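Undergrad: sequence unavailable; structure follows:
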């Protein structure tokens, strides 16, 4: 059961039913009254309603899902997907950025190099990880481990989940732009397979900085956008320069997983359990694992030159003028 | 294309740029946005559109940039017919594009082609801020990429003059993809053994800065150029802390190791020529003992 403060507005009908079920189950325990008929009926209604709601989410609804406080993050998936995870730190230039994690792991026996944004769960962790706003050090750490992965021909798995890259003074002074640009340039030429999955927010430059790869996926309710929808609404005349009209901007931006698939910017949408990844983390992790295991062998079989050429050709094709 | 005798409307203090000293016809004077001096248009043109009072470097159109940097008559434009597209059917975008085309006579915010600088063949690309703030769209990204690919293919250095407010929002995720595409093209150019010079002009922000513009082997900026990851609109809307103007300047970027040099407009052509010359050693170059 999700705590009351964590329900999204469009989940309200489900919240009401779950509360009713909760009350009836309590009655059974405290008063020994059997309300299982009613409970089953409510559960059926919950299932039908869930299906209706979650297959008809708007772009804005998906934005809320992507940002859900209970949404699983990179380390949640790494813990389930990988047998071992040895975290690596530091960019060898300035420091370590906890907003991006990097490490060596094994996935179904296959050694992999993992990179990914980590937003943090509780207040303390979120502050430590800067809420997932990666600094130049984060991208430079990623580049360092990617070069090691290339040298040892270990495939890379990248988990993308960031509202944006850090843009304040200290990031500007340490070259956030150069870090993102260099990361993309490096990934484009990397002579080892790169599998990317956008698990939450694919927030503009901060996201694409580690999202250049051979096979790009998005979880069903993730978003991937050039600008946050509220930000777009706030600066465009079209939306009255009103940040409150983020929902209209979200639709116009075509930032959902389904939109991205149609536009050719991603290769596959990975389905989430009904109600979102946070409803069933193990099931979501299994879906990601299945996709990785289906795709990786082919990529690993390609000679490096062909792999890099294919990756470039794919990038070239996106949005080509016909 | 750009009419130098028609001043741009930079209205920093609410006074239109066309207000002139009494009795003088409008259109002969332009106000310096930085020091407010009234500058005689013809003299401003002679000074390469640099204010001789405070050295503020006015924005140049792509035509003016080409005249400044490329050997006379030596620019052969490629893909001039490539026009802006509306892949998302974004609200109001078609009209905005039509208006931009009409206002500037351009089809997009970037042009490229074969050129010679001090006689050295290069691929030369130049952005134009007049077209929707030089924002990077699918077609802009495509042209930048083609310029870089041409350099790799023909074995020529690439020189790009950058200016941009950032990614073109109305093309959404497709604009964002241009960051990856152009960065990949730079990597490919370098892998082919060629080199790449970027000239950053005012302003150079966001998605363009965080992709191809920051990947120059050599990065030159004009004095006072505003350079930053967060554009002013983003700062105003999203950032809680202030961004001092000084942090987002060419001079600050230089002191933080992000660019190679800050060069006055009158020296640009000469420096560019020397760099191209030195980085393009003649085939039979011999160091003499003298």
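TA: Right, received. Where do you want to start? The model shown is predicted, which means the values in this text are computed figures rather than measured ones.
Undergrad: switch to C-alpha atoms for all contacts and neighbour counts from now on
TA: OK.
Undergrad: got the residues of the stretch 51-200 of chain B near chain A?
TA: By C-alpha under 8 Å from any C-alpha of the partner chain, the part of the stretch 51-200 of chain B that sits against chain A consists of B:87-88, B:90-92, B:138-139, B:142, B:167, B:169-177, B:179-181, B:183-184, B:186-188.
Undergrad: which of those are buried? Put it as a PyMOL command.
TA: Remark: buried members of those, expressed as a PyMOL selection using 16 or more other C-alpha atoms under 10 Å in any protein chain shown:
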select buried, chain B and resi 88+90+138+139+142+167+169+170+171+172+173+174+175+176+177+179+180+181+183+184+186+187+188
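Undergrad: any idea how far residue B:268 is from residue B:222?
TA: 8 Å (C-alpha to C-alpha, to the nearest Å).
Undergrad: can you give me the strands in the stretch 1-150 of chain B?
TA: B:29-31, B:38-40, B:75-78, B:110-117, B:120-127 (DSSP state E, counting those that start in this stretch).
Undergrad: same question, chain A
TA: A:82-88, A:100-107, A:110-117, A:156-162, A:194-203, A:215-219, A:223-225, A:268-270 (DSSP state E).
Undergrad: how about those in CSV, adding mean pLDDT, mean neighbour count and distance to chain B?
TA: Listed next are the strands of chain A as CSV, based on pLDDT from 0 to 100; neighbours: other C-alpha atoms under 10 Å in any protein chain shown; distance: least, C-alpha to the nearest C-alpha, whole Å:
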stretch, mean pLDDT, mean neighbour count, distance to chain B
strand A:82-88, 96, 16, 25
strand A:100-107, 98, 22, 18
strand A:110-117, 98, 26, 17
strand A:156-162, 98, 28, 15
strand A:194-203, 98, 28, 10
strand A:215-219, 98, 24, 12
strand A:223-225, 98, 31, 5
strand A:268-270, 98, 20, 16
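Undergrad: who are the contact partners of the residue in the stretch 151-290 of chain B positioned nearest to chain A?
TA: Closest contact between the stretch 151-290 of chain B and chain A, by C-alpha to the nearest C-alpha, is at residue B:210 (3.9 Å). The contact partners of residue B:210, taken as C-alpha atoms under 8 Å, 6 or more residues apart in numbering or on different chains, are A:176-181, A:205, B:179, B:229.
Undergrad: is it true that residue B:37 touches residue B:31?
TA: Yes. At 5.7 Å, residue B:37 counts as touching residue B:31 under the criterion of C-alpha atoms under 8 Å.
Undergrad: pretty sure residue B:254 contacts residue B:247?
TA: No. Applying C-alpha under 8 Å, one finds residue B:254 not in contact with residue B:247, separated by 10.5 Å.
Undergrad: and the two? Which one has more around it.
TA: Applying other C-alpha atoms under 10 Å in any protein chain shown to residue B:254 and residue B:247 shows that residue B:247 carries more neighbours, namely 20 against 16.
Undergrad: quick one: neighbours of residue B:218, just the number.
TA: 17.
Undergrad: whoops, residue B:270 was the one
TA: The local packing of residue B:270 (other C-alpha under 10 Å) involves 13 other residues.
Undergrad: taking the stretch 1-150 of chain A, what residue is nearest to chain B?
TA: For the stretch 1-150 of chain A, C-alpha to the nearest C-alpha, closest residue to chain B: residue A:136, 11.2 Å.
Undergrad: out of the strands of the stretch 1-150 of chain B, the one nearest residue B:196 is which?
TA: strand B:120-127 (9.6 Å; C-alpha to C-alpha).
Undergrad: compute the inter-axis angle for the closest one and strand B:110-117.
TA: Counting by axes from the mean of the first three to the mean of the last three C-alpha atoms, to 10 degrees, strand B:120-127 points 160 degrees away from the direction of strand B:110-117.
Undergrad: okay, domains of the chain per the record?
TA: You didn't say which chain, so I picked chain A. Chain A breaks down by automatic domain parsing into domains covering A:10-56, A:63-317.
Undergrad: that's the wrong chain, I wanted chain B
TA: Split into domains by automatic domain parsing, chain B comes to B:1-58, B:59-278.
Undergrad: and the most centrally placed residue in chain A, how far from residue A:128?
TA: The residue lying closest to the centre of chain A (C-alpha atoms, centre = their mean) is residue A:199, at 1.8 Å. Per C-alpha to C-alpha, residue A:199 is found 20 Å from residue A:128.
Undergrad: go on, residue B:277?
TA: For residue B:277 relative to residue A:128 (C-alpha to C-alpha), the value is 49 Å.
Undergrad: correct me, but residue A:287 touches residue A:271?
TA: Yes. The criterion here is C-alpha under 8 Å, and residue A:287 meets it with residue A:271 at 7.2 Å.
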